[in-house]
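Participant: Sequence unavailable; structure follows:
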Ligand SMILES: [Zn+2]
C-alpha cells in the first residue's frame, strides 16, 4: 500500500514487552467507508456471539471462517492454545513453588520461572488475538449487526470451582487463568469489532449488564435460577426445549441486545 501511494507512514514506535520487541507502524490510508450495511449484510441481519472458555465462541447463526471449513456456529479453542495453557499452568506451579516469602531477593530459579510464565502468557495472548482477528473480520463481513454480552459480566464467573460433590483441582490457578483469558478475549474482540464494524457498515449491539443470558430459556423466557456452571445443557422446565448451554446464551444475546450508538 505504501508503494502504491495508498498509505503514508505517520510514525513508527518500537517497544519491548518482556521477552520480545514490537514495532508498531501508524499509517494514514485511504479507505472507502460505507454509510450503511450492504443488501447482503442487511439480509443476514443480526448475529449473537457468546464468548467462553470451553469453546472460544458460540454463535446464534452460522459464520464462515474459511471457505474450506464452511459455515459453523461453534469456534473451538485452537489446539495450540490449549497446549500452551497447560504449559502455562505448569509453569505457574513451578514459579509459586520457587517463591520464598519475605526474601529480600528471589532465587535465580524463581526469576527464570517468572520469565517463562511471562513468555507463555504472551504466546497465549498473541495466538488468541490472531484468532479473534479472523473472527471479528468474518463477523463484520457477514452480518449487519453483531450482538455481544456487556463487558466484564462474564469475567466474574469462574468455571473451575467445581461442586461440593466434586471440587475442582487447582481451583485458584484455573479460575484466575480462565478469568484473565475471558477478560482479555472480551476486551480484544470488542476493541477489534468497534473499528472493523465501521469499515463494513455494520453496527454493534449489547445485552444489558445483568441480563442472565445463560439462565434464560431462549425459546420461552423461563429463567432457571439454579443453573450451575457445570451444566452444559439448558433443559427448560417450562417449554421442554433442551439446548446446548452456550447456543442458548448466544440466541438470548441475539434477541435481547440493544443497539450501541456508533
Ligand atoms: Zn422454555
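Facilitator: Yes, it's here. Quick caveat: nothing in here was measured; it's all calculated off a predicted structure.

Participant: So which elements touch the host helix or strand of residue 22?
Facilitator: Assigned by DSSP states H and E, residue 22 belongs to strand 20-29. Packing partners of strand 20-29 (3 or more Cβ pairs under 8 Å, 6 or more residues apart in numbering; DSSP states H and E): strand 7-17. (Each C-beta comes from the backbone N, C-alpha and C, glycine too.)

Participant: as a whole number, average confidence for the strand it packs on?
Facilitator: Strand 7-17 carries an average pLDDT of 92.

Participant: for stretch 126-144, same thing?
Facilitator: Per-residue pLDDT over stretch 126-144 has a mean of 91.

Participant: List the contacts of it.
Facilitator: Contact with stretch 126-144 is made by 37, 41-42, 44-47, 49, 56-57, 61, 63-65, 75, 78, 80-81, 84, 146, 181, 184-185, 188-189, 192-193, 196-197, 199-203, as judged by Cβ atoms under 8 Å, 6 or more residues apart in numbering.

Participant: so how far is the ion from residue 150?
Facilitator: Using Cβ to the ion, to the nearest Å, we find residue 150 at a distance of 23 Å from the ion.

Participant: just to revisit the earlier point, determine the next helix or strand in the C-terminal direction from the strand holding residue 22.
Facilitator: helix 39-44.

Participant: buried ones in that next one?
Facilitator: Using 16 or more other Cβ atoms under 10 Å as the test for burial, helix 39-44 gives 41, 44.

Participant: Give the partner strands of the helix or strand following that helix in its sheet and their orientations.
Facilitator: Per DSSP H and E, the first helix or strand lying C-terminal to helix 39-44 is strand 46-51. Using DSSP bridges, strand 46-51 pairs in its sheet with strand 55-64 (antiparallel), strand 145-148 (parallel).

Participant: now strand 46-51: how far from the chain's centre is it?
Facilitator: Distance of strand 46-51 from the chain centroid (Cα atoms, centre = their mean, to the nearest Å) equals 11 Å.

Participant: What of stretch 13-25?
Facilitator: The chain centre lies 24 Å from the centre of stretch 13-25; the measure is Cα atoms, centre = their mean.

Participant: May I have the distance across that stretch, first residue to last?
Facilitator: End-to-end distance for stretch 13-25, by Cα to Cα, to the nearest Å: 6 Å.

Participant: Residue numbers of the stretch 101-250 of the chain in contact with the ion?
Facilitator: Within the stretch 101-250 of the chain, the residues that sit near the ion (Cβ under 5 Å from the ion) are 217, 219, 220, 222, 236, 238, 239.

Participant: Could you say which helix or strand holds the second one?
Facilitator: If you go by DSSP H and E, residue 219 is not part of any helix or strand.

Participant: Return the set of buried residues in the lengthiest helix in the chain.
Facilitator: The helix that spans the most residues within the chain, counting by DSSP state H, is helix 108-142. Of all the residues in helix 108-142, those buried under the rule 16+ other Cβ under 10 Å are 110, 113-114, 116-117, 119-121, 123-125, 128, 131-132, 135-137, 139-142.

Participant: Enumerate every residue touching residue 15.
Facilitator: So residue 15 contacts 21, 22, 24 (Cβ under 8 Å, 6+ apart).

Participant: Report the buried members of the residues you listed.
Facilitator: If we count by 16+ other Cβ under 10 Å, the contacts of residue 15 have nothing buried.

Participant: Output the residues of the stretch 101-250 of the chain next to the ion as a markdown table; include the columns pLDDT and neighbour count.
Facilitator: Formatted as a markdown table, these follow (pLDDT from 0 to 100; neighbours: other Cβ atoms under 10 Å):
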| residue | pLDDT | neighbour count |
| --- | --- | --- |
| 217 | 97 | 21 |
| 219 | 96 | 15 |
| 220 | 96 | 11 |
| 222 | 96 | 14 |
| 236 | 96 | 19 |
| 238 | 96 | 12 |
| 239 | 97 | 10 |
